[in-house]
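K.L.:
I would like the atomic coordinates for the input below:
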Amino acid sequence: MSETGEPLGKIPATVVTGFLGSGKTTLIRHLLQNAGGRRIALIINEFGDVGVDGDLLKGCGEETCGEDDVVELANGCICCTVADDFLPTMQKLLERRPLPDHIVIETSGLALPKPLVKAFNWPEIRTRVTVGGVITLVDSAALAEGRFASDEAAVDRQRQADEMLDHESPLEELFEDQLLCADMVIMNKADLVEPGKLDQLENGLREEVRPSVKFLRSENAAVSADVLLGLSFAVEGDLDARPSHHDAEDDHDHDDFESFVVEAGEIADAGSLANALRPVLETHDILRLKGFAAVEGSGMRLAVQAVGPRIQHYFDRDWQEGEARRSRFVVIGEKGINKAETRDALREAIG
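P.N.:
The predicted structure follows:
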């Protein structure tokens, strides 16, 4: 980096993708807390109506994730709104001084990585930024249960369990596209799977990806910043080697998913929250829940994340002066989810 803040070469970018609840935000939070002085700019694409991921990252207490360094794109899936949202955001980042040392892009769980990488070939970007690598996180525990898996046996089990499903699962298609574009696959939540089963899962995934793809295993998405930011594949020039189910399409839609916001008051006890939420998540087939809760008598905000029946929560920061103490969550489910019924059930469990 020169004295004026201009890079001596292209600024490297890393795309972090993965299905719902795979651990993308946790991975980036760990990265920021161990950035080693790197000046990192984040672009976060959420599926929903509340900036949960941005708040989780801004709340980490590190200089590398200040308000000005986190940009949220919540107007739609980033791969569908490249021209409207992503390109102007990149242009603004490149006008900043000093420039970032690295750009990290967290896609929504529903995004296809390839259309996003294609945007780095636009004239305004290609001379300034290069995609060092695409990192795909896999929820090893979910995969071990046959959820969002790429093998035919898992798909058949899903079809048998859902009498209304008479076509190939869109979840599987998204999962495969994220794998096919990856330079590194991180098998997160590896501690929740027996070693022999984990080996079996990894071997199956290796058959689906290019031979050069690197595999790592992680617990709580704790991966070295040097590893995450050390890829240098210039992915934007290598797209022909990364096939996609959507190569013949200009775009895709997300009509198979719905999201909505649930708001409630303070909860009585953080310890009993998981037990109260779990039956609601199972009964209403909620794919993903993420948000914050206010706990009676506590001066700290409780961050809550759930995928399927697995729930994590932790206090992430103090409530700020003048900030409304309320509980607020984004809920993502498959199309047809009864929003009113689910919202009432969640409020009753939280309250």
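
K.L.:
how far out from the middle of the chain is stretch 24-31?
P.N.:
Taking CA atoms, centre = their mean, to the nearest Å, one finds stretch 24-31 lying 9 Å from the centre of the chain it belongs to.

K.L.:
what's in contact with it?
P.N.:
16-18, 40, 42, 53, 56-57, 60, 65, 104, 106-107, 109, 135, 137, 186, 188, 218, 220-223, 225, 228-229, 305 (CB atoms under 8 Å, 6 or more residues apart in numbering). (C-beta placed from N, C-alpha, C; glycine too.)

K.L.:
stretch 273-281 now?
P.N.:
The contact list for stretch 273-281, computed with CB under 8 Å, 6+ apart, reads 267, 286, 289, 293, 302, 304, 306, 308-309, 311, 313, 342, 345-346, 349-350.

K.L.:
and the contacts of stretch 24-31, which are buried?
P.N.:
Using 16 or more other CB atoms under 10 Å as the burial test, the contacts of stretch 24-31 include 16-18, 40, 42, 53, 56-57, 60, 65, 104, 106-107, 109, 135, 137, 186, 188, 218, 221, 223, 225, 228-229, 305 as buried.

K.L.:
lowest confidence element among the helices and strands of the protein?
P.N.:
Among the helical and strand segments of the chain, the one scoring lowest on mean pLDDT, DSSP states H and E is helix 152-161, with a mean of 40.

K.L.:
who are the packing partners of the helix or strand that comes right after it?
P.N.:
Of the helices and strands lying after helix 152-161 in sequence (DSSP states H and E), the nearest is helix 170-180. Helices and strands in packing contact with helix 170-180 are listed as helix 113-118, strand 129-139; criterion 3 or more CB pairs under 8 Å, 6 or more residues apart in numbering; DSSP states H and E.

K.L.:
what does the helix or strand following helix 170-180 contact?
P.N.:
Scanning forward in sequence from helix 170-180 by DSSP H and E, the next helix or strand is strand 184-188. Residues from elsewhere that reach strand 184-188, judged by CB under 8 Å, 6+ apart: 18, 22-23, 27, 133-140, 179, 198, 201-202, 205, 209, 213-221, 223, 227, 231.

K.L.:
in its sheet, what does strand 184-188 sit against?
P.N.:
Next to strand 184-188 in the sheet, as set by DSSP bridges, lie strand 129-139 (parallel), strand 214-217 (parallel).

K.L.:
let me know which of those strands is tucked in deepest.
P.N.:
Across the strands paired with strand 184-188, averaging neighbours per residue (mean count of other CB atoms under 10 Å) puts strand 129-139 on top, at a mean of 25.

K.L.:
enumerate every residue touching residue 267.
P.N.:
Residue 267 is in contact with 273, 293-296, 302, 327, 350-351, counting by CB under 8 Å, 6+ apart.

K.L.:
please enumerate the strands of the stretch 151-300 of the chain.
P.N.:
Shown for the stretch 151-300 of the chain, the strands assigned by DSSP state E, counting those that start in this stretch span residues 184-188, 214-217, 257-264, 286-294, 300-307.

K.L.:
make a markdown table out of those and add mean pLDDT and distance to residue 335.
P.N.:
What follows is these, written out as a markdown table (pLDDT from 0 to 100; distance: least, CB to CB, whole Å):
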| stretch | mean pLDDT | distance to residue 335 |
| --- | --- | --- |
| strand 184-188 | 97 | 27 |
| strand 214-217 | 97 | 33 |
| strand 257-264 | 80 | 6 |
| strand 286-294 | 81 | 11 |
| strand 300-307 | 82 | 18 |
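
K.L.:
deepest of those strands, which one?
P.N.:
Compared across the strands of the stretch 151-300 of the chain, strand 184-188 shows the largest average neighbour count, a mean of 24 (mean count of other CB under 10 Å).

K.L.:
identify the farthest-apart pair in the contacts of residue 267.
P.N.:
Taking every pair in the contacts of residue 267 and measuring CB to CB, the maximum separation is 14.5 Å, between 302 and 351.

K.L.:
what's around residue 200, how many residues?
P.N.:
A count of neighbours around residue 200, defined by other CB atoms under 10 Å, yields 13.
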